[in-house]
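# just coords:
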């Protein structure tokens, strides 16, 4: 659904997919593999305003809890409610049904400064 090739990435493993003035956000396939079996996602509340790099979500697995950071600044306008009933959807479909939240961007230039797929892959192969 959110083509990995067209996504932008953070060094902290979040991805963003630009959809007009919105950015759909999730975690990379690499991140979900590292986190492993996801059992709970504490989604942010719609209406919350976040700054790029701000902790706004927590993913819990059988082995740890991982903070998820906003890749861009703006208002959270939607969350993936399906994760409340099936948090493992993030493991199965990190770039499709496992998206986390949607942000109405206040500074679209932040999106342009995120890593493309090749640059992101270079950071995880170090």
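Received it, and whenever you're ready, just let me know what you need. Not measured: the values here are computed from a predicted model.
# Now for the residue nearest to residue 13 when sequence neighbours are not counted: which residues touch it?
Excluding the flanking residues, the one nearest residue 13 by CB to CB, 6 or more residues apart in numbering is residue 31, at 3.6 Å. Where C-beta positions appear, they are placed from N, C-alpha and C, glycine not excepted. Residue 31 makes contact with 13, 14, 66, 94 under the criterion CB atoms under 8 Å, 6 or more residues apart in numbering.
# so the third one bridges to which residues?
Read that as residue 66. Residue 66 has these beta-bridge partners by DSSP bridges: residue 59.
# pretty sure residue 18 contacts residue 2?
No. Using CB atoms under 8 Å, residue 18 makes no contact with residue 2, being 9.9 Å away.
# so which strand or helix has residue 47?
Residue 47 is part of no helix or strand when elements are defined by DSSP states H and E.
# That one against residue 78, yeah?
No. Residue 47 lies out of contact with residue 78 (CB under 8 Å); the separation is 10.5 Å.
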